[in-house]
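Coordinates for the following, if possible.
(one chain, ligands or ions: 2)
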Amino acid sequence: MALSVDRSVIRDARRLVVKVGSSSLTSPTGGLDGFRLQALSTALARQALSGVRVVLVSSGAIAAGMGPLGLTRRPKDLATQQAAASAGQGQLMAAYTNAFTLHGVRVGQVLLTADDMHRRSHYVNASRTLERLLELEVVPIINENDTVATDEIRFGDNDRLAALVAHLVDADALLLLSDVDALYDGHPTEPGSRPIRTVTSAEQIAAVDISGAGSAVGTGGMATKVAAAQMATEEGVSVLLTSADKVTAALSGDEVGTLFVPTGSKSPARRRWLAHASSATGRIVLDDGAVDAVVSHRTSLLPVGITRIEGRFTAGDTVDLCDDRGLVVARGLVGYDAEELRPLVGQRLARGPRLRNGAPAPRPVVRRDDLVVL
Ligand SMILES: Nc1ncnc2c1ncn2[C@@H]1O[C@H](COP(=O)(O)OP(=O)(O)O)[C@@H](O)[C@H]1O
Ligand SMILES: N[C@@H](CCC(=O)OP(=O)(O)O)C(=O)O
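Ligands and ions are numbered 1, 2, ... in the order given. Predicted coordinates for the structure are as follows:
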């Protein structure tokens, strides 16, 4: 696959997801910075008016809610974060609605929790809604539904959410806008740190220090941005990371920021969901023969290859398929309830489609079309 390392892929993207972090929308004392939000909205409205399908993933609800709640620092406990998000999300959407409306562009609020991605039916529903908004030439503005997201069902950060949205809407490109203009080969505050212009593989930046704390109002930090870029590029999406004040240059394809080049090609939507958005409710341990069959030959998983099952899953759930050392080698939709499958574990098939006791051969535990090798 020819490596496209120039930024025209961002300029020419017909479907573009843009993620903007809290630090790029708020003033140093917290609260929304109307000027910065307006500047971003103008750039994105112009892109939308040129015919590009734009989806905005915007942080900033918690930061926007700090002022009204009299908070001078980002709250650390979940309940106060949720209260701040509740007070701030409305302000965030009001500001975006006014800013985009100045350009005659309509926006729509979409709040998601990780559960909306984990459940296949919810994922398909979110995809359908976003598709309809784009057809109606509305710019969807997405944020995590912080007010109802509990620890178990949080995305945790909008960088990961943005990568999942890029999969969901079949984006050509993902633009990550932050308070730093690129990924640096060391913490940007360290003397001698230099921007990395192009990333072609995870190995290339494995040694880069991205652990440094993010902004006072942010959640993700650089680690979540790199993880999001890798999740997107695995599925053929080009990713550009730069600062929000460079959005116009980025959308023009100028040589700004760090470009993460696609490392894989787009897989079918169902496999994309299985590999990145689904969440396993159980584990099935395979013997070596079954691992080879599933991983190397992409066959369905039959009871005979199973040595153990863990968890209380039901038919249709997502389960992890592991080898005997516990390494997850694949993920798939299981065709049995755990209690129904337990007695069949290890069952040897007689020759042909019958068990030794003459009973008809059981249906596959995970059909080949319902599994993805990780
Ligand atoms: N190697 C690195 N290159 C660039 N920035 C880094 C690096 N390591 C840590 N950072 C920090 O990550 C921060 C961006 O994360 P964050 O503050 O959460 O932004 P946002 O609010 O946009 O999500 C930068 O401000 C920077 O201080
Ligand atoms: N949903 C949260 C954003 C969480 C988040 O990822 O923030 P950031 O690291 O600034 O992108 C909010 O709106 O404040």
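
which residue is nearest the centroid of the protein?
Nearest to the geometric centre of the chain sits Leu164, at 2.6 Å (CA atoms, centre = their mean).

isn't that one right up against Met117?
Yes - with contacts defined as CB atoms under 8 Å, Leu164 counts as touching Met117 at a distance of 5.5 Å. C-beta coordinates here come from the backbone N, C-alpha and C atoms, glycine included.

shared neighbours of these two, which are they?
Where contact means CB atoms under 8 Å, 6 or more residues apart in numbering, the residues bridging Leu164 and Met117 through contact with each are 155, 277.

ok, back up a step: give me the distance between the residue nearest to the centre of the chain and ligand 2.
From Leu164 over to ligand 2 the distance is 13 Å, taken as CB to the nearest ligand atom, to the nearest Å.

pLDDT score assigned to that residue?
Predicted confidence (pLDDT) at Leu164: the value is 95.

from now on call the first residue 377
Done: numbering now begins at 377, and the last item shifts to Leu540.

Please, which helix or strand holds it?
helix 534-544 (DSSP states H and E).

can you tell if that helix touches ligand 1?
No - under the criterion of CB under 6 Å from any ligand atom, helix 534-544 makes no contact with ligand 1; the nearest approach is 6.5 Å.

Same question for stretch 558-578.
Yes - Stretch 558-578 is in contact with ligand 1 by CB under 6 Å from any ligand atom, via 559-560, 563-564.

Give me the buried positions along that stretch.
Across stretch 558-578, burial judged by 16 or more other CB atoms under 10 Å covers 558-561, 564, 571-572, 575.

What of stretch 462-482?
Of the residues in stretch 462-482, 462-465, 467-469, 471-473, 475-476, 481 count as buried by neighbour count, 16+ other CB under 10 Å.

Also stretch 496-513?
Of the residues in stretch 496-513, those with enough neighbours to count as buried (16+ other CB under 10 Å) are 496, 499, 502-503, 506, 509-510.

Just grab the bridge partners of Ile660 for me.
Ile685, Leu697 (DSSP bridges).

now for the buried residues of stretch 558-578, which pair is the farthest apart?
Of all pairs drawn from these, the greatest distance, 16.0 Å, lies between Pro564 and Val575 (CB to CB).

Just confirm Glu686 contacts Arg659, I think it does.
Yes - using CB under 8 Å, Glu686 is in contact with Arg659, at 4.4 Å.

Not counting sequence-adjacent ones, nearest residue to the residue of the stretch 627-750 of the chain found nearest ligand 2?
Of all residues in the stretch 627-750 of the chain, Gly633 sits closest to ligand 2, with a separation of 16.3 Å (CB to the nearest ligand atom). Nearest in space to Gly633, with sequence neighbours left out and distances taken as CB to CB, 6 or more residues apart in numbering, is Thr618 at 2.8 Å.

now Leu720
Sequence neighbours aside, Pro679 is the residue nearest to Leu720 in space, at 4.0 Å (criterion: CB to CB, 6+ apart).

What is the burial count for the one you found?
23 (other CB atoms under 10 Å).

quick one, what contacts it?
For Pro679, the set of contacting residues under the criterion of CB under 8 Å, 6+ apart consists of 717, 720-723, 738, 741.

elements contacting the helix holding Leu540?
Secondary structure elements in contact with helix 534-544, counted by 3 or more CB pairs under 8 Å, 6 or more residues apart in numbering; DSSP states H and E, are strand 391-396, strand 429-434, helix 496-511, strand 514-520, strand 549-554, helix 598-609.

For Leu416, which of these is the nearest?
Each of these was scored for nearness to Leu416 using CB to CB, and the closest is strand 391-396 (6.1 Å).

who's in contact with the next helix or strand after that closest one?
Proceeding N to C from strand 391-396, the next assigned helix or strand is helix 410-425, under DSSP H and E. By CB under 8 Å, 6+ apart, the list of residues contacting helix 410-425 from outside reads 392, 394, 396, 400-401, 430, 432, 471-472, 475-476, 478-481, 513, 515, 553, 620-621, 623-624, 627.

Just the CA coordinates for the helix holding Leu540, please, in CSV.
Listed next in CSV are the C-alpha coordinates belonging to helix 534-544 (Å, rounded to 0.1, in the frame of the first residue of the first chain):
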residue,chain,number,x,y,z
ASN,A,534,-13.0,11.6,23.9
ASP,A,535,-9.9,10.6,22.0
ARG,A,536,-11.0,7.0,22.1
LEU,A,537,-14.6,8.0,21.4
ALA,A,538,-13.5,10.0,18.4
ALA,A,539,-11.6,7.0,16.9
LEU,A,540,-14.7,4.8,17.4
VAL,A,541,-16.9,7.5,15.8
ALA,A,542,-14.4,7.6,12.8
HIS,A,543,-15.1,3.8,12.4
LEU,A,544,-18.8,4.4,12.9
